[in-house]
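Trainee: Sequence and predicted structure, then a few things I'm wondering about:
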2 protein chains.
Amino acid sequence: MPRTVVVIEDEDSIAGAVEARLRSEGFRVEVAYDGLAGIELCEKVHPDLVVLDLMLPGLDGLEVCRRIQRNRPVPVLMLTARDSETDMLVGLAVGADDYMTKPFSPRELVARVHAILRRMERTLVFPGPKVRAGSVEIDPGARQVRNAGESVHLTPTEFDLLSWLVTHPGSVFTRDQLLAQVWGYTDGSGVRTVDSHVRALRRKLGADIVRTVHGVGYAFETITA
Amino acid sequence: MPRTVVVIEDEDSIAGAVEARLRSEGFRVEVAYDGLAGIELCEKVHPDLVVLDLMLPGLDGLEVCRRIQRNRPVPVLMLTARDSETDMLVGLAVGADDYMTKPFSPRELVARVHAILRRMERTLVFPGPKVRAGSVEIDPGARQVRNAGESVHLTPTEFDLLSWLVTHPGSVFTRDQLLAQVWGYTDGSGVRTVDSHVRALRRKLGADIVRTVHGVGYAFETITA
DNA sequence: GACGATCTGCACGTGATCTGCACATCCTGT
DNA sequence: ACAGGATGTGCAGATCACGTGCAGATCGTC
């Protein structure tokens, strides 16, 4: 599933360059040429990130930022013509996650987009929707887990592992795949370590939280009670 | 006791007009002609209201506004030469209570000064919204904190840090994110400084005020009773 | 200019967490 | 039922992150 980026920028040349570059990076890109259109676009496509020009015709970029955030928290990379510390502070105040001054290199923009998304993945800043699985309730934003109402403490690796499985219900993953996705390892070292963490999850959340697929790996499934 | 107003404005003609008009309304008026002098003046006379030009020689008006607010919360009426929504939003973001674009009529200025002071009086009588977290009570307007009824003194940084966390309950923030949001730093320097201030908060308000998310960062949580 | 408050950030101790072995147990195909 | 591979369990050393004490730098105030 490709990441979606909404670009709100009135200058054609910049909008086009940003769009092309991000698209070549594998993002799904939608462009709006003024603030109101941008807000509507965000409501429609629910982007993973917004690239927003501070100076827009009609509605001001800061106001656009606020309205977008109000509907649904989303990381914002703000573009500004002026290079001043004030702009940065103001941008951060209304909820932007990073900002760049024009002119900028498309390469740098791509780098920052990736940086923000990586940060968001690792640490969801905004309270996201909670995921339920049987009696287990997972809050990705708060990195908290409850079982039958009781708060359960998970270590970082345990939480990341559970999160990965939960966000891909029904899919079976080999130990190597889990090491790659959750641990970031590329070589096949330490496959048994996965077992240890699966075990920890079962001890804390019940044996049914993770299903063993003999000869293959592990999978998460919502219990259809 | 007459109300004191500090006017920070570099243009002689405007400063003179504002001063004369306000004085004729019974205010005690002090004038500074640049940002630094304005800040010092505020420290000296503790005004009930500040009229602040956005465009100042030397120190930027927004920076002046922040520093004044940091020492002691005071209503600010901001003057700006440009008539743009951006400026208003920017001004409000850094803590101004109202803004006017030049040219303006002295009569209107006086009206707004009275309006702001009236509003302030009301909010003194009817305190603003307070945030509660367990036995801890936070008053953002007054920058005051109470724990089990006892008034607790927080340093500026401590209060800013707590405020940010409190306004995003449940969300986990990395040290880098907190440095960016609370300190305004963009590079990753000084991550351990965050620890020190978290520690100060816990010493003053109890260990539970901030939750450590091992391997990630910190989060604030209302006590789930 | 001097004093106190505050901020910053290092160094160290401690506790939490990760890793992966060795052995026990379970599963599957025959 | 049996063999052989796969998975579960207990555990301990290594590693990593965090809390703490402290001291120098800086800021605000008188």
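Mentor: Good, I have the coordinates.
Trainee: Now do the contacts for the one residue in chain A that gets nearest to DNA strand D.
Mentor: With C-beta to the nearest atom of the strand as the measure, A:Thr212 is the residue of chain A nearest to DNA strand D, at 3.8 Å. For glycine as for every other residue, the C-beta is placed from the backbone atoms N, C-alpha and C. Counting by C-beta atoms under 8 Å, 6 or more residues apart in numbering or on different chains, A:Thr212 touches A:Tyr218.
Trainee: Which strand residues bridge it?
Mentor: A:Tyr218 (DSSP bridges).
Trainee: pLDDT score for it?
Mentor: With respect to pLDDT, A:Thr212 scores 92.
Trainee: Over to A:Val7?
Mentor: 94.
Trainee: neighbours around it, how many?
Mentor: Around A:Val7 sit 27 other residues, with neighbours defined as other C-beta atoms under 10 Å in any protein chain shown.
Trainee: Helix, strand, or coil at it?
Mentor: For A:Val7, the secondary structure call by DSSP: H, G, I helix; E, B strand; the rest coil comes out as strand.
Trainee: Check whether it really touches A:Val51, as I assumed.
Mentor: Yes - counting by C-beta atoms under 8 Å, A:Val7 touches A:Val51, with 4.6 Å between them.
Trainee: so what sits against both of these two?
Mentor: Counting by C-beta under 8 Å, 6+ apart, the residues touching both A:Val7 and A:Val51 are A:18, A:22.
Trainee: Tell me where chain A has helices.
Mentor: A:12-24, A:35-45, A:61-71, A:85-93, A:106-122, A:156-166, A:175-178, A:191-205 (DSSP state H).
Trainee: Which residue, other than its chain neighbours, is closest to the residue in chain A that chain B sits nearest to?
Mentor: Going by C-beta to the nearest C-beta, chain B is nearest to A:Pro156 of chain A, at 3.5 Å. If the residues on either side of it in the chain are set aside, A:Pro156 comes closest to B:Gly215, at 3.5 Å by C-beta to C-beta, 6 or more residues apart in numbering or on different chains.
Trainee: how far away is the closest residue to A:Thr167 other than its chain neighbours from B:Asp160?
Mentor: In space, A:Thr167 comes closest to A:Val131 once its chain neighbours are excluded; the distance is 7.7 Å by C-beta to C-beta, 6+ apart. Taking C-beta to C-beta, to the nearest Å as the measure, A:Val131 falls 33 Å from B:Asp160.
Trainee: Likewise for A:Arg3?
Mentor: 32 Å.
Trainee: same deal with A:Ala37?
Mentor: In terms of C-beta to C-beta, A:Ala37 sits 36 Å off from B:Asp160.
Trainee: Also A:Thr167?
Mentor: A:Thr167 is 34 Å from B:Asp160, where distance means C-beta to C-beta.
Trainee: more crowded one of the two?
Mentor: A direct count of neighbours by other C-beta under 10 Å for A:Thr167 and B:Asp160 places B:Asp160 higher, at 18 against 12.
Trainee: Now do the same contact list for that one.
Mentor: Applying C-beta under 8 Å, 6+ apart, one finds that B:Asp160 lies in contact with B:Val182.
Trainee: same question, A:Trp183
Mentor: If a contact means C-beta under 8 Å, 6+ apart, then A:Trp183 has A:157, A:190, A:193 as its contacts.
Trainee: which among these gets closest to B:Val182?
Mentor: The nearest member of the contacts of A:Trp183 to B:Val182, counting by C-beta to C-beta, is A:Thr157 at 28.2 Å.
Trainee: Is the closest one in contact with A:Val182, as I believe?
Mentor: Yes - here A:Thr157 reaches A:Val182: they are 7.3 Å apart, a contact under C-beta under 8 Å.
Trainee: More neighbours: those two, which one.
Mentor: In this view A:Thr157 and A:Val182 are compared by other C-beta under 10 Å, and A:Val182 has more residues nearby, 20 against 17.
Trainee: what's the spacing between that one and A:Asp160?
Mentor: Taking C-beta to C-beta, one finds A:Val182 at 5 Å from A:Asp160.
Trainee: Same check on A:Thr80?
Mentor: A:Thr80 is 35 Å from A:Asp160, by C-beta to C-beta.
Trainee: Can you tell me how far the residue of chain A closest to DNA strand D is from A:Val194?
Mentor: 11 Å.
Trainee: any shared contact partners between the two?
Mentor: Counting by C-beta under 8 Å, 6+ apart, the residues touching both A:Thr212 and A:Val194 are A:Tyr218.
Trainee: same question for stretch A:160-167, mean pLDDT?
Mentor: For stretch A:160-167, the mean confidence score works out to 88.
Trainee: ignore the last one, stretch A:45-64
Mentor: Across stretch A:45-64, the average pLDDT comes to 83.
Trainee: Just give me how far that stretch sits from the chain centre.
Mentor: Mean-position distance between stretch A:45-64 and its chain equals 19 Å (C-alpha atoms, centre = their mean, to the nearest Å).
Trainee: Likewise for stretch A:182-197?
Mentor: On C-alpha atoms, centre = their mean, the centre of stretch A:182-197 falls 23 Å from that of its chain.
Trainee: May I have that stretch exported as PDB, CA atoms only?
Mentor: Presented in PDB, the C-alpha positions along stretch A:182-197 are these (Å, rounded to 0.1, in the frame of the first residue of the first chain):
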ATOM      1  CA  VAL A 182      10.400  -5.600  13.200                       C
ATOM      2  CA  TRP A 183      14.100  -5.800  13.900                       C
ATOM      3  CA  GLY A 184      15.400  -4.400  10.700                       C
ATOM      4  CA  TYR A 185      17.900  -7.200  10.300                       C
ATOM      5  CA  THR A 186      18.700  -8.200   6.800                       C
ATOM      6  CA  ASP A 187      20.700 -11.400   7.400                       C
ATOM      7  CA  GLY A 188      19.000 -14.400   8.800                       C
ATOM      8  CA  SER A 189      20.700 -14.300  12.200                       C
ATOM      9  CA  GLY A 190      18.900 -14.900  15.400                       C
ATOM     10  CA  VAL A 191      15.800 -16.600  14.200                       C
ATOM     11  CA  ARG A 192      15.200 -18.200  17.600                       C
ATOM     12  CA  THR A 193      15.100 -14.800  19.200                       C
ATOM     13  CA  VAL A 194      11.700 -14.300  17.600                       C
ATOM     14  CA  ASP A 195      10.400 -17.300  19.500                       C
ATOM     15  CA  SER A 196      11.500 -15.800  22.800                       C
ATOM     16  CA  HIS A 197       9.500 -12.600  22.100                       C
END
